[in-house]
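structural data only, the sequence is not supplied:
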Ligand code: NAP
């Protein structure tokens, strides 16, 4: 069974057969480190024209190889229009595993236009010796799994925070790339501005500095966000791990 990378490589190879002066244009639905790495690789290979699409959630996104477009397409119809108007030959969904709406839209739009869709899988993290995970299937279950008086590192996007607002008996430490547009819904919290680190030592030092007792995160997979999971293992902290079910 070919890996997604193999499949992409083979698509690149077949699309270059009988290549004319105009290179086929591929659209990467991005916003992840995997998408950035793929864009860099395809641009380096030089066989296709690469456009990465970002939702526009961060004000200063990291630089990307190839062209970049920013902002929603306007649902399935908008994506269909974009694909047709821009003569896209291949779509690669390299979005975050919890970004489910854009992935569903990509399936529908590619189905309607007949354009090929490749999905980059990002394997889930697996519990390792030393991990103390409480796996939950919903935000509500994550919120109720926390003991009173806990100091929690809440590694979730801003759209997921409201579910924890009723836990006025806990203190939350939240990290965001950009300052929030609206106040956070917590009675007691610290807001940190910055990105997740793959460096377990840096994440552990941060947890110690803030006297963290619990980590709440989603099972996103990938390397960039794994530093915090390693740090929790190193410090023996319980982790409330949200699985990849819809919520
Ligand atoms: P989502 O719920 O699946 O998408 C919501 C809407 O945002 C989509 O319907 C689409 O708007 C727009 N959108 C999302 N990704 C887009 C993209 N790559 N290019 C253009 N428009 C996009 O997604 P989300 O959870 O808000 O995540 C947004 C982006 O952040 C994704 O690209 C994802 O890879 C990245 N990201 C998400 C997370 C996360 O925790 N969810 C973490 C890290 C990075 P229209 O319907 O108007 O087209």
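Looks like it came in fine. Everything numeric here is computed off the predicted structure, so don't read it as measured data. Residues are numbered from 1 along each chain as shown.

what parts of this structure come near the ligand?
Contact residues of the chain with respect to the ligand, defined by Cβ under 6 Å from any ligand atom, are listed as 29-32, 53-55, 57, 72-75, 78-79, 95-96, 98-102, 105, 157. In this view, the C-beta of every residue, glycine as well, is placed from N, C-alpha and C.

which among the residues you listed end up buried?
Burial by neighbour count, judged by 16 or more other Cβ atoms under 10 Å, picks out 29-32, 53-55, 73, 79, 95-96, 98-99, 102, 105 from these.

looking at this, residue 92 is in a strand?
Yes - if the criterion is DSSP: H, G, I helix; E, B strand; the rest coil, then residue 92 is within a strand.

next step: the buried ones among the residues of the chain next to the ligand restricted to strands.
Counting by DSSP state E, the members of these that fall within strands are 29, 53-54.

could you dump those to TSV with pLDDT and distance to residue 243?
Output for those, formatted as TSV (pLDDT from 0 to 100; distance: Cβ to Cβ, whole Å):
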residue	pLDDT	distance to residue 243
29	98	23
53	98	27
54	98	26
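
for residue 208, state which of those is nearest.
Proximity to residue 208 was ranked across those by Cβ to Cβ; first place goes to residue 54, at 33.7 Å.

which residues touch stretch 23-40?
The contact list for stretch 23-40, computed with Cβ atoms under 8 Å, 6 or more residues apart in numbering, reads 8, 15, 42, 47-55, 57, 62, 64-66, 82-83, 86-96, 99, 102-103, 106, 120, 122, 222-224.

in PyMOL, select just the buried ones from those.
Here is the PyMOL command that selects only those of the contacts of stretch 23-40 that count as buried (16+ other Cβ under 10 Å):
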select buried, resi 8+15+42+47+48+49+50+51+52+53+54+55+64+65+66+82+83+88+89+90+91+92+93+94+95+96+99+102+103+106+120+122+222
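
for residue 177, which non-adjacent residue is closest in space?
When the adjacent residues along the chain are set aside, residue 177 lies closest to residue 58, with 4.9 Å between them (Cβ to Cβ, 6 or more residues apart in numbering).
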